[in-house]
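Student: Structure here, sequence nowhere to be found:
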């Protein structure tokens, strides 16, 4: 149940942050890297022993990490287009 809530929350954040100027192909690239990023970020947070926090706090930390990564990926994707 927690993971389902986490992914729902993450994708709500993610979908509202997608730049409108990305092409369909660029959207797929970003989604690919962000999906990989989910597992990497969750693994890092749990390995860093932040599990002493509530699951909601860990999820919020992971979402924050992923949104920073997402913004960087979007910038690189649009910069590569130029």
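Tutor: Structure's in. What do you need? Keep in mind it's a predicted model, so treat the numbers as computed, not measured.
Student: burial measure for residue 25, as a count.
Tutor: Applying other CB atoms under 10 Å, we find 10 other residues in the vicinity of residue 25. (Glycine included, C-beta is placed from N, CA and C.)
Student: Toward the C-terminus, what is the element adjacent to the strand or helix carrying it?
Tutor: Residue 25 is part of helix 24-47 when elements are defined by DSSP states H and E. For helix 24-47, the following helix or strand on the C-terminal side (DSSP H and E) is helix 55-81.
Student: now for that next one, which elements pack on it?
Tutor: Contacting helix 55-81 under the criterion 3 or more CB pairs under 8 Å, 6 or more residues apart in numbering; DSSP states H and E are the following elements: helix 2-17, helix 24-47.
Student: Those helices: lowest mean pLDDT?
Tutor: When those are compared on mean pLDDT, helix 2-17 scores lowest, with a mean of 64.
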